[in-house]
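Visitor: Kindly return the folded structure for what I paste below:
(2 chains)
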Amino acid sequence: MSRARADEEEYWHSSKFRAFTFDDEDDELSQLKESKRAVNSLRDIVDDDDDDLERVSWSGEPVGRRNKLPSFQSLSDALSDTGVKNYAPELRRPKAEYKDYSSDWSPKDTVRRMQRGKVCSLERFRSLQDKLVLLDEAVAGHDGNVITAVLIFLKRTLRREILFRELEVRQVALCHLIHFLKEAGEQKLLLDLLRFLDRTEEVALSQYREHLNIQDVEKRREFLKGCIGLPFSAEDTSHIQDHYTLLERQIIIEANDRHLETAGQSEVFRKYPRKASILNMPLVTTLFYSCFYHYTEAEGTFSSPTNLKKTFKIPDKQYVLTALAARAKLRAWNDVDALFTTKNWLGYTKKKAPIGFHRVVEILQRNNAPVQVLQEYVRLVEDVEMRLNLATKYKCHDVVIETYKDLKDRIQLTAYKCKVERGSAEEEKINSILNNM
Amino acid sequence: MAFAGRRDVPEPPDFGILKRLARDQLIYLLEQLPGKKDLFIEADLMSPLDRIANVSILKHEVDKLYKVESRPALSTSDQFCFLVRPRIKTMRYIADIVNADKMSGRSRKYKIIFSPQKFYACEMVLEEEGVFGDVTCDEWSFYLLPLDEDIISMELPEFFRDYFLEGDHRWINSVARALQLLNSLYGPFGKAYGIGRCAKMSYELWRDLEEESEGDGQGRKPEIGNIFLMDRDTDYVTALCSQVVYEGLVDDTFRIKCGSVDFGPDVTSSDKSIKVLLNAQDKVFSQIRNEHFSSVFGFLSQKSRNLQAQYDRRRGMDIKQMKNFVSQELKGLKQEHRLLSLHIGACESIMKKKTKQDFQEMIKAEHSLLEGVDVRESTSFIEEHIDRQVSPIESLRLMCLLSITENGLIPKDYRSLKTQYLQSYGPEHLLTFHNLKRVGLLTEQAAGETLTAVESKVSKLVTDRAAGKITDAFNSLARKSNFRAISKKLGLIPRVDGEYDLKMPRDMAYVFSGAYVPLSCKIIEQVLERRGWLGLEEVVRLLNGNEFSVSDSAVEDNPAWESQRVVLAVFLGGCTFSEIAALRFLGKERGCKFIFLTTAITNSARMMEAMIEAKA
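Guide: Predicted structure coming up:
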């Protein structure tokens, strides 16, 4: 791409709010003339509805004459040009072939005309029978634009119950009306339609969807509260309930923490200022936040991780992954250790995790855990091959050496000697194992 | 016919005329509002417009340029022109501007140019807002944007959601008109094949339009002889897979937009982003775009060595030779050098990102799903992916892949994955799950009897009206993917003894590391080979039918014509670069040329994003 072109692109894409002006230097006039010539010969593609001398909106009212622009006379030249005639064949039809707009097109012809972008009056389809034949023709014509146009006409000229009743047995048309109502934001009519069709779940979802447009958190919370009673499936009802509870909690936590942060009393907030508000964040993000800022809080407080875990029935696996990531980020290795330590009834401690220890290692490593911490968990990776891989990758020499020892693999052990430092404790260890093997 | 075993691949027709047509029509339309004017352009139209015209061409027609949806700036211009997609939201935006002007007593001329066509619903909004008559409307029939010598895009990404999720047929007319234009310029297409409801409707509407055009072009020597239309929902699996051919990977990683990509500082190793056109003109890219990623490195380093050697040649040169070298070769070498370093940078950046994301593990899980082995393991891989909040889009994609390959999730898994997903990525995704269920991308297996049996039994017992409701309720569930059975029938999972040589691919499976032959491409291959659907009855049944194959008897069928070996592959709802690579490969093998017409270039992320509800 040339420099000039690149600049131009940048220019082009940088237009956000501000307008920019083209300077008037004329350098491409000749090029333009050429384009003009080309365009003139293309007139018949561009202007294919010159037969409508008077324009009529599809709902029937004339909307006034269209401005005929100066280039009109060249149309005949364009028509005599055989090279391009196949672009707009209908132009070459004698005008007499077209009936006056006000005369009766059959439903089929009406649909065909509309498919070709022609203006067409629908007002004369007055009996229900006629309206439905028109609708069925539109559906049979496969053009959604026309189907929707007919539906808008029916919506205007039929009582809604009658329209709904007829649409129930016309699924394709029904989809078009629903989509149109969604796009046009006619929420009330949409809900009426869905209720009429007994699509209760869609009624609920469609109402719930509106919360996306509510910016104010207090209003959003109120709105969500109202959503709990909507006819969702049992499963979804509990999700909606959770959504409400979560936002309710977040509002409380946010208010408290903003206060804490500004007061400057809490060390963790001073050391790690919050980057964003917790409002409207997913549950797992909220849990991470709570493990980060409120880890040691008693279960009684809304912001404590254990409270969140209990309230939202967060599975162990999810909880451990999140807590681990949060504590590792703070380099609180003791907390990490406690997360996996369990005591049995004899008082012996044991390391257990609901996720694979290779995952634990990965998360620790990503948070730059020191080798001493890392190797403790690498050692716990069950799969020998994976353990060796991880240990080698993260230079947990002890684990590598012990694993080879357990495998009684002299060759590998000898080979590994060159990976450790000369005269180090590790080298000594390898030597002594080799001597005793 | 296509697969006559000839090896010389026909040249693609010249699609440059499509750009000229679009550009000239736009200029003509702008001239219809003579004098200085401000132009408001829809954001979605900026990149396509960039491909066919540049600012300097518009310069003579336009004073200032604005983006639609930005706050209208204070403008003194007497004329406003809006270049937009036909959307209700945009109509309200325009109506607000017009009404504000009216309120303040300002008079201006307004013109709306719809691309590619006007919708009646838009006019209705203008009427409702009381501005019909204050604005004039026109259509810019910009249906076809050639992205490359063999790819034409309609640049309608919303087609996917509008048709497959909402069931709206609004774009079928646009497809039909696009086909009409291509047929008039490069046809007549002698043979048409297709599968899918939308394919069938588009074909019918197109034929309907053709009937009126009095059969021009008869007896003309066509450049494209065959056309194959396919609905995206015939094959969701392929579109959901991680792409591993270079062009697909670049699209998945950096997002190719209208045939060009923004390489950020991590690729350019400077502080600037560079916009690069990716097409056959790029001498480096054109050689690696269809390659499996693993062979791209080798190619690039070989290329670098060659380049070095060419530079080195100048050492032994005398003045005259040096002069020649500088004037004739240096520019080319420098250009090649620039491209090489960009693509090497892109590869490095891709590698970095992929290793961070456990790409290997993910590919392994995907391959297991495709093959139908270790489903439990893959399910827990997906679960962990969700729990770790790796990426909302990737998590969705993997769930959909699991669902489609397994004919739906078992209810227990569905509930638990959904719950965890909502917890990880936000409860509002409840709406996303509902949408995915409706299009059949992520469903729950029904217990017991097959649905169709229940359905027919029920409908015998109750009145039509109630039956309609029940059928409707079953509708979303009944759309089974049958992937496993289709895969077996068509042999989509190659049995490989030993390593699959990705450098010397032997079938289209190479685009997925030899693990899977893209279903969409396999169907096209089979139908072209058989010149119809004969012998594929079982596959067609599993794909839910709607297949067709039509020969136009009026079109001269001359086997000597190269056009017989040119196939226009039409993807309704989007096509991926992996599919394009696979069919390019097939074309080379069988001596035919595929031209791609797609409603938009797609990939798994774009498909998933289309299912997410955004605020109004």
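Visitor: buried stuff in stretch A:425-437?
Guide: A:426-427, A:429-430, A:433 (16 or more other CB atoms under 10 Å in any protein chain shown). For glycine as for every other residue, the C-beta is placed from the backbone atoms N, C-alpha and C.
Visitor: Other residues contacting that stretch?
Guide: With CB atoms under 8 Å, 6 or more residues apart in numbering or on different chains as the test, stretch A:425-437 has contacts from A:397-398, A:401, A:405, A:408, A:410, A:413-414, A:416-417, A:420-421.
Visitor: Just the CA atoms of it, as CSV, please.
Guide: Provided in CSV are the C-alpha atoms of stretch A:425-437 (Å, rounded to 0.1, in the frame of the first residue of the first chain):
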residue,chain,number,x,y,z
ALA,A,425,23.2,-29.8,46.0
GLU,A,426,21.2,-31.3,43.1
GLU,A,427,24.3,-32.7,41.5
GLU,A,428,25.4,-34.2,44.7
LYS,A,429,22.0,-35.8,45.1
ILE,A,430,22.2,-37.3,41.6
ASN,A,431,25.6,-38.7,42.3
SER,A,432,24.6,-40.3,45.5
ILE,A,433,21.5,-41.9,44.0
LEU,A,434,23.6,-43.2,41.1
ASN,A,435,26.0,-44.7,43.5
ASN,A,436,23.3,-46.5,45.4
MET,A,437,21.3,-47.7,42.4
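Visitor: Need the mean per-residue confidence for it.
Guide: Across stretch A:425-437, the average pLDDT comes to 80.
Visitor: How far does it sit from its chain's centre?
Guide: 57 Å (CA atoms, centre = their mean, to the nearest Å).
Visitor: Likewise for stretch B:225-232?
Guide: Worked out by CA atoms, centre = their mean, stretch B:225-232 lies 14 Å from the chain centre.
Visitor: same question, stretch A:346-358
Guide: 38 Å.
Visitor: and that stretch, how far apart are its ends?
Guide: End-to-end span of stretch A:346-358 (CA to CA, to the nearest Å): 28 Å.
Visitor: where in the chain is pLDDT low?
Guide: By default, I'm working from chain A. Filtered on pLDDT under 70, chain A yields the residue ranges A:1-103.
Visitor: that's the wrong chain, I meant chain B
Guide: If you take pLDDT under 70 as the line, chain B has these spans: B:1-7, B:60, B:70-73, B:214-219, B:357, B:447-480, B:554-560, B:616.
Visitor: most residues in a single helix of it, which one?
Guide: For chain B, the helix that runs over the most residues, judged by DSSP state H, is helix B:330-356.
Visitor: packing partners for that helix?
Guide: Contacts defined by 3 or more CB pairs under 8 Å, 6 or more residues apart in numbering or on different chains; DSSP states H and E place helix B:330-356 against helix B:246-254, strand B:260-263, helix B:265-268, helix B:285-288, helix B:293-312.
Visitor: Need the winner for burial among the ones you listed.
Guide: Mean neighbour count, computed with mean count of other CB atoms under 10 Å in any protein chain shown, is highest for helix B:246-254 among those, reaching a mean of 23.
Visitor: how about whichever strand or helix holds residue B:82 as PDB, C-alpha atoms only?
Guide: Per DSSP states H and E, residue B:82 falls inside strand B:79-84. Output of strand B:79-84 as PDB, limited to C-alpha atoms (Å, rounded to 0.1, in the frame of the first residue of the first chain):
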ATOM      1  CA  GLN B  79     -28.000  18.700   1.500                       C
ATOM      2  CA  PHE B  80     -27.600  15.500   3.400                       C
ATOM      3  CA  CYS B  81     -27.100  12.200   1.800                       C
ATOM      4  CA  PHE B  82     -27.300   8.900   3.800                       C
ATOM      5  CA  LEU B  83     -25.700   5.800   2.500                       C
ATOM      6  CA  VAL B  84     -27.100   3.000   4.700                       C
END
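Visitor: Give the buried residues for it.
Guide: B:79-84.
Visitor: Using CSV, lay out those residues together with distance to chain A.
Guide: Shown next, in CSV, are the buried residues of strand B:79-84 (distance: CB to the nearest CB, whole Å):
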residue, distance to chain A
B:79, 13
B:80, 12
B:81, 13
B:82, 14
B:83, 13
B:84, 15
